[in-house]
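Peer 1: 3D, please:
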Amino acid sequence: MTLFPHSLAGLRAWISLAAGVLSLAAATSVPENPRPNPHLRDSWVLPVGPAGEPALPEGDAAAPIRRHCGLCHSFDYIATQPRLGRTGWTASVEKMRAKYGAPIPTNEIPALVQYLVKHHGKE
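Peer 2: This next block holds a predicted model:
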């Protein structure tokens, strides 16, 4: 399609395309007065370590979490995830790799899953 449609069908297609772009822009705009967060004053607290962030176990067990998950997620985010079984955590780690491009080598997936199941799992 060119910028200047030479037929009625071309004109209709161009108008439809322009309307779609405008409606997308309207749908993604930020409201001038957004609704307040209803959970802003909730009193829940995460357990924290000495550095002020949620504690991860020291040593080699948490090293893959620090190395790979901590690139995108805060440790408090990791600590507040639903408790999943081995299958669920494996699927979650694979999703991070496949869908979001997390740079996790396949040989480190078992260690990540083991940590997540042990500390944030159902097993």
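
Peer 1: only C-alpha atoms from now on, for both contacts and neighbour counts.
Peer 2: Will do.

Peer 1: show me the shaky parts of the chain.
Peer 2: Residues of the chain that meet the criterion pLDDT under 70 lie in 1-11, 14-15, 17-31, 34, 37, 39-40, 42-59, 123.

Peer 1: at 50 what do you get?
Peer 2: 1-2 (pLDDT under 50).

Peer 1: what ranges do the helices span in the chain?
Peer 2: 8-27, 63-67, 75-79, 86-98, 109-120 (DSSP state H).

Peer 1: can you give me the buried ones in the last one?
Peer 2: This points to helix 109-120. By neighbour count, with 16 or more other Cα atoms under 10 Å as the criterion, the buried positions of helix 109-120 are 109, 111-117, 120.

Peer 1: relative to helix 86-98, how tilted is that helix?
Peer 2: Using axes from the mean of the first three to the mean of the last three Cα atoms, to 10 degrees, the direction of helix 109-120 lies 130 degrees away from that of helix 86-98.

Peer 1: got JSON lines for the buried residues of helix 109-120, with distance to residue 95 too?
Peer 2: Supplementary listing: these in JSON lines, determined by distance: Cα to Cα, whole Å:
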{"residue": "109", "distance to residue 95": "12"}
{"residue": "111", "distance to residue 95": "16"}
{"residue": "112", "distance to residue 95": "13"}
{"residue": "113", "distance to residue 95": "13"}
{"residue": "114", "distance to residue 95": "16"}
{"residue": "115", "distance to residue 95": "17"}
{"residue": "116", "distance to residue 95": "15"}
{"residue": "117", "distance to residue 95": "16"}
{"residue": "120", "distance to residue 95": "17"}
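
Peer 1: just give me the closest of those residues to residue 35.
Peer 2: residue 120 (32.6 Å; Cα to Cα).

Peer 1: OK, contacts around the closest one?
Peer 2: Contact criterion Cα atoms under 8 Å, 6 or more residues apart in numbering gives 79, 81-84 as the residues in contact with residue 120.

Peer 1: next one: it from residue 80, what distance?
Peer 2: Relative to residue 80, residue 120 is positioned 9 Å away (Cα to Cα, to the nearest Å).
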